[in-house]
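Student: this one's sequence-less:
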């Protein structure tokens, strides 16, 4: 039987069995603590999460398992990508870390810089677009 894999990109140093829970600041801004945990069904979306995460820690991607109900992430599926092709999700319940993805390739430096520049422009306008 096959199951869907979910991924979470971050700079946090976690171990299998750890829980990613609500109540922490976003990986991307200094905004108030989040009431959702975010994750994706594609490795590419998790790579963006790791690459764009604030902080100095190592970029990491984890295979995670939701412990409760999940829903499409409306920040992406309603605003940018109708139909959820990025397979981006959120939950109010914890995500359990199953394993760390050790071998993955980041985006080309120029593509990453374009994304960082776009995020910076949006934040400078006051758009809190990334949770």
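Tutor: Nice, thanks for sending it over. Predicted, not measured: the structure shown is a model, and the values here were computed from it. Numbering: from 1, shown residues only.
Student: drop to CA atoms for contacts and neighbour counts, all remaining ones
Tutor: OK.
Student: per-residue confidence at residue 14?
Tutor: Here, the pLDDT recorded for residue 14 equals 96.
Student: count the neighbours of the residue nearest to it when sequence neighbours are not counted for me.
Tutor: Among residues not flanking residue 14 along the chain, residue 97 sits closest, at 7.5 Å (C-alpha to C-alpha, 6 or more residues apart in numbering). By other C-alpha atoms under 10 Å, 22 other residues sit near residue 97.
Student: so the spatially most central residue of the chain, which state does it fall into?
Tutor: In the chain, the residue lying closest to the centroid (C-alpha atoms, centre = their mean) is residue 49, at 4.2 Å. The three-state label given to residue 49 by DSSP: H, G, I helix; E, B strand; the rest coil is helix.
Student: contacts for stretch 4-12, please.
Tutor: 27, 38-43, 45-51, 53-65 (C-alpha atoms under 8 Å, 6 or more residues apart in numbering).
Student: just the buried ones from the residues you listed?
Tutor: Applying 16 or more other C-alpha atoms under 10 Å to the contacts of stretch 4-12, the neighbour count classes 27, 38-43, 45-51, 53-54, 59-65 as buried.
Student: name the helix or strand of the chain that has the lowest mean pLDDT.
Tutor: One helix or strand of the chain scores below all others by mean pLDDT, DSSP states H and E: helix 74-77, with a mean of 72.
Student: so how far is that helix off the chain centroid?
Tutor: The chain centroid and the centroid of helix 74-77 are separated by 12 Å under C-alpha atoms, centre = their mean, to the nearest Å.
Student: packing partners of that helix?
Tutor: Using 3 or more C-alpha pairs under 8 Å, 6 or more residues apart in numbering; DSSP states H and E, no helix or strand is in contact with helix 74-77.
Student: the top helix by length along the chain: how far from the chain's middle?
Tutor: If you go by DSSP state H, the chain has its longest helix at helix 109-124. When distances are taken as C-alpha atoms, centre = their mean, helix 109-124 is centred 16 Å away from the chain's centroid.
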